[in-house]
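[1] here's a sequence, model it:
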Amino acid sequence: MPASKTTESYTPAEIHAGDYPIATENGIAGAAVAENDIVGRITASGKIVVSTKAASDGSETPIGIAAYAAAALDDKLTWYTSGGYDSTLIGLGDRTVAEAQVAFDRTPIEVVIVSL
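    Take a look at the predicted model:
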């Protein structure tokens with residue numbers, strides 16, 4: 001008897017807001033990162049981690065928003081480097097929406113407040 005197969009589908013939340021061009025970049029995670037978290041780059045290693053205001057290793061400066069989760073250190077990671085993103089669907093970490101907007105000021109990323 002052949003083994004049974006199970007097919008599952010995955011539909012991510014639509015975090016994109018507005019008509020902005022979307023671009024991505026790839027790298028290596030320096031720790032676990034959840035999908036849609038704001039990410040930064042550790043200067044010494046070049047690895048990508050969740051960006052927090054309290055960091056002092058370079059990752060305090062956001063470089064994008066994680067497109068997919070990275071489960072652990074050294075996992076491959078893809079993040080968005082441009083586009084408009086719904087502020088209610090991104091992982092802000094220790095930032096408020098206003099602080100995230102300021103952190104991405106003068107970058108190709110726009111944190112959008114979506115009202116219904």
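[2] now the helices for the chain?
    Assigned by DSSP state H, the chain shows helices spanning 97-103.
[3] longest strand in it, by number of residues?
    What stands out as the longest strand in the chain, according to DSSP state E, is strand 76-86.
[4] and the closest residue to residue 49 other than its chain neighbours, how far from residue 105?
    In space, and not counting its chain neighbours, residue 49 is closest to residue 30: 4.4 Å by CB to CB, 6 or more residues apart in numbering. C-beta here means a position set from N, CA and C on the backbone, and glycine is covered the same way. Computed as CB to CB, to the nearest Å, the residue 30 to residue 105 distance reads 25 Å.
[5] the two: who's more crowded?
    residue 30 (24 against 10; other CB atoms under 10 Å).
[6] contacts only, for the more buried one.
    42, 45, 47-49, 59, 73 (CB atoms under 8 Å, 6 or more residues apart in numbering).
[7] now render those as TSV, adding neighbour count, distance to residue 23 and pLDDT.
    Formatted as TSV, the contacts of residue 30 follow (neighbours: other CB atoms under 10 Å; distance: CB to CB, whole Å; pLDDT from 0 to 100):
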residue	neighbour count	distance to residue 23	pLDDT
42	15	22	98
45	13	23	98
47	19	20	98
48	29	15	98
49	23	20	98
59	23	20	98
73	12	25	96
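[8] can you lay out these as CSV showing distance to residue 81?
    Converted to CSV, the contacts of residue 30 look like this (distance: CB to CB, whole Å):
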residue, distance to residue 81
42, 17
45, 19
47, 16
48, 11
49, 16
59, 15
73, 22
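[9] quick one: low-confidence ranges for the chain?
    1-3, 8-13, 115-116 (pLDDT under 70).
[10] tell me who's in contact with residue 20.
    82-84, 108, 110.
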